[in-house]
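[1] Kindly generate the corresponding structure for this input.
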Amino acid sequence: MGSLIKSIFETGIIEKLISKLVGTKVRIGSAQIDLLSGRLRFTDIVVSNPKGFHAPYILRFRRCQAKIDPLSVLSGKVVVRKMRIRDAEAIYEASWGESNFSAILKNIDRIMGAKPSRGRRAPDKVRYQIDDLVIQGSRIHLSAKLLPGKGLTLPVPAISLEGLGKESPGLSGLEVMAVIIRHVIGEGLKAILPGFGGS
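    Okay, here's the model as predicted:
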């Protein structure tokens, strides 16, 4: 079972999964997996900016911790009892009438709307249930191009979600990532919309 857990949460697989979803390069700084307790810890997940934008990244998740039910791995649906994402950062940048946020959301919509692959790769088959997900301490940085002479950093309200994928068969890895990224970007947009209009 230990090797199965490691194969599901191997950093290379997660990087490829998120990269496919957002259409840009993704890098994970480090990962720690405690097989006995089911505790996972990822640090410094960096999502590169879409093509045509120049900030060093669009999203950065500095700390992500999760507690899974190890035995659930054998059932085909991994049950994540608790997930905490802390100190997420987003950089909002606009260019030629489009923002990096809208560009990444378009790619997510395209991927999620595509027909599922018929391949037999294990990561595509795994489903997830997340009982308790909290994203807190997030910030959004506005590109200096939007504010001549200086940038601006705004706090993003905490996000709390429960029972994701509880109904059978659960969420795919792509669906889990899409939910997280859409919420972070969505709350970031809410923080800046009153002063800056749409995305």
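[2] alpha carbons only for contacts and neighbour counts from here, please
    Will do.
[3] Could you pull out the helices in the protein for me?
    Ranges of helices within the chain are 2-8, 11-22, 100-113, 122-125, 173-196, based on DSSP state H.
[4] Which of those helices comes out lowest on mean pLDDT?
    Note on the helices of the chain: lowest mean pLDDT is at helix 122-125, with a mean of 56.
[5] Distance to Asn49 and mean neighbour count for the helices of the chain - can I get that in a markdown table?
    Shown next, in a markdown table, are the helices of the chain (distance: least, Cα to Cα, whole Å; neighbours: other Cα atoms under 10 Å):
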| stretch | distance to Asn49 | mean neighbour count |
| --- | --- | --- |
| helix 2-8 | 26 | 14 |
| helix 11-22 | 9 | 18 |
| helix 100-113 | 7 | 17 |
| helix 122-125 | 25 | 14 |
| helix 173-196 | 13 | 17 |
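[6] and those helices as TSV, adding distance to Arg81?
    Compiled in TSV, those are given as follows (distance: least, Cα to Cα, whole Å):
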stretch	distance to Arg81
helix 2-8	15
helix 11-22	19
helix 100-113	25
helix 122-125	20
helix 173-196	14
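[7] Ala55 is nearest to which of these?
    Nearest of the helices of the chain to Ala55, taken as Cα to Cα: helix 100-113 at 9.5 Å.
[8] For that closest one, enumerate the helices and strands it packs against.
    helix 11-22, helix 173-196 (3 or more Cα pairs under 8 Å, 6 or more residues apart in numbering; DSSP states H and E).
[9] I'd like to know which of these is closest to Ser95.
    Nearest to Ser95, of these and by Cα to Cα, is helix 173-196 at 14.1 Å.
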